[in-house]
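Q: The sequence isn't on hand, but the structure is:
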């Protein structure tokens, strides 16, 4: 029964150039050959399926096997992507710029990819060192490249890595969307079926980008919000969450004229082990505890935190009512502040957010006579909104400079937030005061989220099926007004595995599987007559959603 998977595993082992994963797999094969049932099950988990290539590229746990991130899988992905680029090329030789962050094996996967791209006859350009994801997204446009690859798993657990793909040309440096994902995946499958890794051509004749690419990003991002007079003396704290954001951000702060922050020393240097956090995501409970400690010790006014590849930004402010005296703002709170900032200076264009983000952005757009777009989740969609001047999603992602980067960018967002804080300081106000003014102007919006993490992703499918088969008639004590199933949305509307539930009091609940983690997520949005009213409505919706999800699991 195990001989088939053993044959597949032996074939994989024969082409694995990585001593760590080959030793891991060899030991597993030996245990399986000796009759170890757990080892056989492990092999099935690694080889019965293949890590799927989709619009998010590849992302998964490091390890040996076709269902893990490793040098064999990445090599096949690079060769398949190269074949896709050559197939769609016209007269020019396709070019690919490759970046990487500080996660385990990111640099190895990036160099493997550059060699395989060069071996396929492409112009391959490797960024000069580990850098934030936004720098790679910038470089695709800055260099006029046909495509870009960023080796990162962003804020995923420490044992994960990933492969994020961008396209230039008509796609303008944005992440891939359908049908490109399926077309690339087909090429990758073809490579995996016909050739082992050793037969894929390689070349060391790839370029290494100069520092001028990074310099150009620094200059462009410093212009997002040059420091006003109110920046003088700003006392703030910054953490890179063991990622790659600090070096680039420091240069931008100096260029733009902002004072340097107090840094969270234990988290400021890149470290793929992420030793001080169980989960390197600023949204996760406990992830910002060291930041709060540093802020209390420094008497700071503000905390900014990037995730490990610096494409997301978290913001925290002093709050006497919060545990420990500090409160992390939600992605919607920051997103609406930055949307308000963009709307005040825009004369035309579109404010865009994902369908699961706060409806408050539409209120801002309407207030200023701007267009508004709600897209499917992910900046691959947000960045494509026509006439985009600003975009955000509630998961701490913000696009404040679409003329420079067509993806979420936690570094330019940090500069924009510092600009808001500095302007408020000139008037003797704080970021909290701006939140109050925004609510008074546009409405008291409140948002929440219920996340269900699962060990078996099939559970998510069963819950979504149960909700479709027996839709709730109410959430808590509030009746359901209508339900939209985005799987069957009209042509031209966002389509996906999403249920959008509207309640009779104007509240909204959106349920969808996570695109990057084994989670089912429910996004809650309410609008109240006051902050207190909104909070009460949100608590009631939260309790009702938890009851519904619990019932759907039984």
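A: Looks like it arrived, so ask away. For clarity, every value in this text was computed on a predicted model and none was experimentally measured.

Q: most centrally placed residue in this protein?
A: By C-alpha atoms, centre = their mean, the chain has its centre lying nearest to residue 154, at 6.1 Å.

Q: Look up how far residue 100 lies from the nearest residue to that residue once chain neighbours are set aside.
A: Excluding its sequence neighbours, the residue lying closest to residue 154 (C-beta to C-beta, 6 or more residues apart in numbering) is residue 309, at 5.1 Å. To be clear about C-beta, it is placed using only N, CA and C from the backbone, and glycine gets the same treatment. Distance of residue 309 to residue 100, computed by C-beta to C-beta, to the nearest Å: 9 Å.

Q: Compare the two (neighbour count), which wins?
A: Neighbours were counted for residue 309 and for residue 100 using other C-beta atoms under 10 Å; residue 309 has more, 34 against 28.

Q: how far out from the middle of the chain is the longest helix along the chain?
A: Of all the elements of type helix in the chain, the one with the most residues (DSSP state H) is helix 531-552. Put simply, helix 531-552 sits 26 Å off its chain's centre (C-alpha atoms, centre = their mean, to the nearest Å).

Q: Go through that helix and flag the buried ones.
A: Neighbour-count burial for helix 531-552, counted by 16 or more other C-beta atoms under 10 Å, picks out 534, 537, 538, 540, 541, 542, 544, 545, 548, 549, 552.

Q: Quick check: nearest residue in space to the second one, chain neighbours excluded?
A: With sequence-adjacent residues excluded and distances taken as C-beta to C-beta, 6+ apart, residue 537 is closest to residue 526, at 4.1 Å.

Q: picking that back up, OK, contacts around the residue nearest to residue 154?
A: Going by C-beta atoms under 8 Å, 6 or more residues apart in numbering, residue 309 touches 101, 132, 133, 150, 152, 154, 155, 243, 244, 245.

Q: Tell me which of these fall in strands.
A: Using DSSP state E, the subset of the contacts of residue 309 located in strands is residue 150.

Q: Who does residue 527 form a beta bridge with?
A: Note on residue 527: beta-bridge partners residue 445, judged by DSSP bridges.

Q: Would you mind measuring from it to residue 446?
A: With the distance defined as C-beta to C-beta, residue 527 ends up 8 Å from residue 446.

Q: So between these two, which is more surrounded?
A: residue 446 (25 against 20).

Q: Now do the contacts for that one.
A: Residue 446 sits next to 525, 526, 527, 528, 531, 534, 535, 537, 538 when contact means C-beta under 8 Å, 6+ apart.

Q: same thing but 7 Å
A: Contact analysis of residue 446 by C-beta atoms under 7 Å, 6 or more residues apart in numbering lists 526, 528, 534, 535, 538.

Q: Of the buried residues of helix 531-552, just say which sits nearest to residue 23.
A: Residue 23 lies nearest to residue 549 out of the buried residues of helix 531-552, by C-beta to C-beta, at 42.2 Å.

Q: Surely that closest one and residue 452 touch.
A: Yes. Counting by C-beta atoms under 7 Å, residue 452 is a contact partner of residue 549 at 6.0 Å.

Q: Need the pLDDT of the closest residue to residue 308 other than its chain neighbours.
A: Once flanking residues are discounted, residue 308 sits nearest to residue 243: 3.1 Å by C-beta to C-beta, 6+ apart. With respect to pLDDT, residue 243 has a value of 98.

Q: who does the longest helix of the chain touch, helix- and strand-wise?
A: Packing partners of helix 531-552 (3 or more C-beta pairs under 7 Å, 6 or more residues apart in numbering; DSSP states H and E): strand 444-453, helix 458-469, strand 474-475, strand 519-528.

Q: Pick the most deeply packed of the ones you listed.
A: strand 519-528 (a mean of 22; mean count of other C-beta atoms under 10 Å).

Q: Give me the distance from it to the chain's centre.
A: That offset, for strand 519-528, works out to 19 Å (C-alpha atoms, centre = their mean).

Q: pLDDT on that strand, on average?
A: Mean predicted confidence for strand 519-528 is 93.

Q: Tell me who's in contact with residue 462.
A: Contacts for residue 462 were tallied using C-beta under 7 Å, 6+ apart; there are none.

Q: Give me the local confidence score for it.
A: Residue 462 is given a pLDDT of 91.

Q: do the same with the one 5 residues further on
A: For residue 467, the model assigns a pLDDT of 94.

Q: That one against residue 497, yeah?
A: No. Using C-beta under 7 Å, residue 467 is not in contact with residue 497; the gap is 11.0 Å.

Q: Check the spacing between the residue nearest to residue 308 and residue 281 real quick.
A: Residue 243 is 11 Å from residue 281, where distance means C-beta to C-beta.

Q: With distance to residue 383 added, can I get the helices and strands packed on helix 531-552 in a markdown table?
A: Shown next, in a markdown table, are those (distance: least, C-beta to C-beta, whole Å):
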| stretch | distance to residue 383 |
| --- | --- |
| strand 444-453 | 22 |
| helix 458-469 | 27 |
| strand 474-475 | 32 |
| strand 519-528 | 20 |
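
Q: To residue 6, which of these lies closest?
A: Taking the helices and strands packed on helix 531-552 one by one with C-beta to C-beta, helix 458-469 is closest: 25.6 Å.

Q: How about the contacts made by the residue lying closest to residue 239 once chain neighbours are set aside?
A: Once flanking residues are discounted, residue 239 sits nearest to residue 264: 3.9 Å by C-beta to C-beta, 6+ apart. If you count contacts by C-beta under 7 Å, 6+ apart, residue 264 has them with 237, 239, 290, 291, 294.

Q: do residue 418 as well
A: 225, 231, 258.

Q: Apply 6 Å and report the result again.
A: residue 258 (C-beta atoms under 6 Å, 6 or more residues apart in numbering).

Q: give me the low-pLDDT residue ranges for the stretch 201-350 of the chain?
A: Filtered on pLDDT under 70, the stretch 201-350 of the chain yields no residues whatsoever.

Q: Could you look up the SS state of residue 484?
A: Three-state assignment for residue 484 (DSSP: H, G, I helix; E, B strand; the rest coil): strand.

Q: now swap in the one 3 residues further on and tell me
A: With three-state DSSP as the basis, the three-state label of residue 487 is helix.

Q: what's the closest non-adjacent residue to it?
A: Take residue 487 and drop its neighbours on the chain: the residue closest to it by C-beta to C-beta, 6+ apart is residue 497, 6.1 Å away.
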